[in-house]
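K.L.:
next come a sequence and a model predicted from it.
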Amino acid sequence: MRDCSKNRAGYDRVLMAVAATFLTVSATSALAQSGPRSSAAELAIDAAIPRPEPANLPPPTAADFKLDSTASVPDAAKATEPKTTTEKTAESKPSDTATAPAATPPAAAAAVPAAEPVKAASNVPPADQPVADKLRDMLGAKSLRYFDRKAERAAVEKFYTAREYAPVWTQAGALTAGGKGVIARLKDAAAEGLNAADYPVPDFAAAATPDALAEAELKLTASMLDYARQAQSGRMHWSQVSGDILYPEHPTDPAEVLANVTAAKDASVALAGYNPPHKLYKELKAKLAELRGQGDGPVVQIAEGAPLAFKAATKKQPAVAPEDPRVPQLRAKLGITENPEDTHYDAKVAEAVRKFQASADLKATGVLDDKTVKAINSPKRDRQIDTVIVNMERWRWLPRQLGVASLNNAYVILNIPDFTLKVMQGGAPVWTTRVVTGKPGSHATPMLTETMKFITVNPTWNVPPSIIYNEYLPALQQDPTVLQRMGLRLERARDGSIHISQPPGEANALGRIRFNFPNKFLVYQHDTPDKHLFAKEERAFSHGCMRVQNPDQYAATILNIVMPNDKYTPEKIRSMYGRSEIDLKFPTPLPVNITYQTAFVDDAGKLQLRKDLYGRDAQMLALLKNSRNRDLENVVAHANPSYARPNGSALPSNVAFNNDFGSSSGPSFFERLFGGGPSTPPAPVGRPQQRRVITR
């Protein structure tokens, strides 16, 4: 028999669930219709949400439900609840949903502002935020106006983006210590042989608005990058001067410059660090200040007057230091910073005058007479200033590290117009000798930096094609036997090209030793049988290679640097002289720097000036004074020198060849010149050629 009480209880629970659901929906609808609207934004949101139409149905009765003993209350509730909400919404038509937003009045919709994204908290101080906003706009739209180099533009944009465009040179409109340091360095550019006009400094004092401050910020950054780049690499690229110059590039990294200068404790010192670090450069800088009469003071003109002389103290009388109103000017002129207003012509001033007289080729008496005053004020000083400036510029082309660290910074440096070669180590000269350099014109010795890799004792002289074509072939036309009488070998390959060489020996044009640093100009340093040329003061006689006065000592010196355990001496080198080539290869290549220094400071501290042998000074001055620096920084492409062998058809018919190369065209001239190729040079007539290679 059925348990009616149990069925009745289930029925009551179902009715209660339905009633609760109905009351919830009704209350929600009434609340939505009667609740207050606190804002126009809420009205817009409500209007945009589609709502189902309420069902106009009578309350359910008991007849609407069929009792099932297998049904459970939760299932019934689950089946009933969605019918009131979700399913009803799904049954509504798309057109019904789309009409809801259209019901909003146009005026109400226009009054609703667009929703703005929430901004992250800024790290820029509030006082700098207006400038930061302007910097963001300028770098986004006008960066090309301030930075025309792509790398610099990218580095600047990345730098300011990382700092949320906060200005770096000002804070709250006032210059920072870094900004003051950079400005001071740019204004003092002339002290480094640079042109201060190339690095304009904006007027921050007149920048009263965020726009003006942002523009001044970018202009100062641009000038700073220009200064660093030209201080390190030069106001002009070396290719602007000549095609026979080749130095390794060492450009600045704009991102590194920005990070280095802005993070430095002293921005002025950090920016000055991009100038050459070499001792000889710094000595020229000091001489430039002396020549300009600047020191640490202004440029002044000394008036003529009675001679001034300092007399040192003796046992009988005290020191005599006469007074004169010109002395403070003289102190400023000669760079004496101690007691700048002192009018006494004391021992310190007299010594400075004496040094000046020595540098100006005057009798170094220490007495300020009219001749000395005229020399101090002479326009001749301007020419000397120009010479110093172009030499400082050439120092910017050289590598920052001239030597190799593993050999205690050892290197070779050769000064063409001074005809001198020095071996340097640990910042001091180890050995010095005289050299013969190339003739002016097409035989000028090139300026370059390379590495010496080995020495050849008893070298074969492989005549360069330029000498073959310009000198030996015309001589053969006059005398077909001239080469044989000179002890030279004439050979022809199957392709018709010719090769002229001279076997090792005492009369060899290269002497007993050749110092090899392979380079595209095919020049090297070597011994010579023409020793008498070293007695001349001006020694420009070669075809471009450099002849060394004491090659055995030179070889022993550099071999003891690269192979210290082998204990080389000049006598040991001379014991190798013979008829067989011997290559002494270096375990560590030694840098060779060939320079052109018409102005330098000697060991005694005196400024030395040399003849502008190749006209490099005049050419550089003309470029610096008549051209825009940005144009001078561009690389000029020069045609590579042609080292093709001249054709044998130019030879007379009765010329005698020593032999030919068979089916091969023979080793290249570069391989013959510097060695290291797969083939060996031809043997001299009547004696087999041998080559020994000694490595350590």
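P.N.:
Noted; the coordinates are in hand. As the structure is a prediction and not an experimental result, all values here were calculated from the model. Residues are numbered from 1 along each chain as shown.
K.L.:
measure residue 614 to residue 547 for me?
P.N.:
17 Å (CB to CB, to the nearest Å). For every residue, glycine as well, the C-beta is placed using N, CA and C.
K.L.:
brain fart, residue 211
P.N.:
Distance of residue 211 to residue 547, given as CB to CB: 65 Å.
K.L.:
what are the ranges of the strands in the stretch 101-250 of the chain?
P.N.:
With DSSP state E, counting those that start in this stretch applied, the stretch 101-250 of the chain shows strands at 170-171, 174-175, 245-246, listed in chain order.
K.L.:
residue 383 sits in which helix or strand?
P.N.:
Assigned by DSSP states H and E, residue 383 falls within helix 380-397.
K.L.:
what is that helix packed up against?
P.N.:
With contacts taken as 3 or more CB pairs under 8 Å, 6 or more residues apart in numbering; DSSP states H and E, helix 380-397 sits against helix 210-233, helix 279-292, strand 599-601, strand 607-609, helix 616-626.
K.L.:
tell me which residues in that helix are buried?
P.N.:
The neighbour-count check on helix 380-397 (16 or more other CB atoms under 10 Å) flags 381, 384-397 as buried.
K.L.:
pull the contacting residues for residue 269.
P.N.:
Residue 269 makes contacts with residue 181, as judged by CB atoms under 8 Å, 6 or more residues apart in numbering.
K.L.:
may I have the phi/psi pair for it?
P.N.:
Main-chain torsions, residue 269, degrees, to the nearest 10: phi -70, psi -40.
K.L.:
go on, residue 433?
P.N.:
Residue torsions, per degrees, to the nearest 10, at residue 433 are phi -150, psi 160.
K.L.:
repeat for residue 461
P.N.:
phi -90, psi 110.
K.L.:
mind listing the residues bridging to it?
P.N.:
Assessed by DSSP bridges, residue 461 has beta-bridge partners residue 502.
K.L.:
residues near it, how many?
P.N.:
22 (other CB atoms under 10 Å).
K.L.:
tell me the contacts of it?
P.N.:
Counting by CB under 8 Å, 6+ apart, residue 461 makes contact with 501, 502, 508, 509, 510.
K.L.:
distance to residue 456, pLDDT and neighbour count for these - can I get that in TSV?
P.N.:
TSV is the format used below for the contacts of residue 461 (distance: CB to CB, whole Å; pLDDT from 0 to 100; neighbours: other CB atoms under 10 Å):
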residue	distance to residue 456	pLDDT	neighbour count
501	14	89	18
502	14	90	20
508	11	90	21
509	14	90	20
510	8	93	24
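K.L.:
show me which of those is closest to residue 281.
P.N.:
Proximity of those to residue 281 (CB to CB) peaks at residue 510, which lies at 33.9 Å.
K.L.:
look up phi and psi at the nearest residue to the closest one once chain neighbours are set aside.
P.N.:
By the measure of CB to CB, 6 or more residues apart in numbering, the closest residue to residue 510 outside its immediate chain neighbours is residue 526, 4.2 Å from it. Taking degrees, to the nearest 10, you get phi -160, psi 170 for the backbone angles of residue 526.
K.L.:
what packs against the strand or helix carrying residue 556?
P.N.:
Assigned by DSSP H and E, residue 556 belongs to helix 551-562. The contact analysis (3+ CB pairs under 8 Å, 6+ apart) places helix 551-562 against strand 420-425, strand 428-438, strand 447-457, strand 513-516, helix 570-574, strand 581-595.
K.L.:
picking up where we left off before, and residue 211 and residue 547? Which one has more around it.
P.N.:
The neighbour comparison of residue 211 against residue 547 (other CB under 10 Å) goes to residue 547, with 25 against 14.
K.L.:
contacts only, for the more buried one.
P.N.:
Listed by CB under 8 Å, 6+ apart, the contact partners of residue 547 are 435, 436, 511, 525, 526, 527, 528, 530, 533.
K.L.:
which residues does it bridge with?
P.N.:
Beta-bridge pairing for residue 547 (DSSP bridges): residue 436, residue 526.
K.L.:
the spatially closest residue to residue 384 that is not a sequence neighbour: neighbour count?
P.N.:
The shortest distance from residue 384 to any residue other than its chain neighbours is 5.5 Å, reached at residue 291 (CB to CB, 6+ apart). By the measure other CB under 10 Å, the count of residues near residue 291 is 24.
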